[in-house]
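Peer 1: can't give you the sequence, but here's the structure:
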């Protein structure tokens, strides 16, 4: 079973946070939001909760990719699902074991600062769409 959603870039994306990575449904962010790498996300909480229920406490791979000038740029993050995830607006992956309703997964092997820098650079363009694929591994 897998789940996918889309998000978009934003001029204030910095991708410099050392411990978290986040997607938000907000359309605007400030540069202080150093963990956010996608805005205007279209993830569906009910579908994500179903994915978690079917894959409870399992390791996942989150693949982030975008296309630019017929080139695909991709990066991957592995982490463990948080069965308590319950946020309509924010989806956060954490390198730590900290759990809140906003935490989708813990013990991630990367945060936003560890992602491919070309990917982050392209995400500074507001119209740049990205695809996010989540699968159990």
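Peer 2: Everything's here; your move. The model shown is predicted, which means the values in this text are computed figures rather than measured ones.

Peer 1: what's near enough to touch residue 1?
Peer 2: 51, 54, 55, 135, 136 (C-beta atoms under 8 Å, 6 or more residues apart in numbering). The C-beta positions use only the backbone N, C-alpha and C, and glycine is treated the same way.

Peer 1: tell me the confidence at the third one?
Peer 2: Meaning residue 55. Per-residue pLDDT puts residue 55 at 89.

Peer 1: residue contacts, the nearest residue to it once chain neighbours are set aside?
Peer 2: Ranked by C-beta to C-beta, 6 or more residues apart in numbering and with sequence neighbours excluded, the top spatial neighbour of residue 55 is residue 136, at 4.6 Å. Residues near residue 136 by C-beta under 8 Å, 6+ apart: 1, 2, 55, 58, 59, 60.

Peer 1: biggest helix in this protein by residues?
Peer 2: For the chain, the helix with the greatest residue count under DSSP state H is helix 45-54.

Peer 1: show residues contacting that helix.
Peer 2: Helix 45-54 has contacts (C-beta under 8 Å, 6+ apart) with 1-3, 81-83, 85-88, 91, 104, 134.

Peer 1: ok, then the element right after it?
Peer 2: Next along the chain after helix 45-54, taking DSSP states H and E as the criterion, comes strand 59-68.

Peer 1: spell out the residue ranges of the helices in this structure.
Peer 2: For the chain, the helices defined by DSSP H occupy 45-54, 117-122.

Peer 1: what is the last one packed up against?
Peer 2: The one in question is helix 117-122. Judged by 3 or more C-beta pairs under 8 Å, 6 or more residues apart in numbering; DSSP states H and E, the packing partners of helix 117-122 are strand 59-68, strand 71-81.

Peer 1: hmm, 6 Å instead?
Peer 2: Under the contact definition 3 or more C-beta pairs under 6 Å, 6 or more residues apart in numbering; DSSP states H and E, helix 117-122 sits against strand 71-81.
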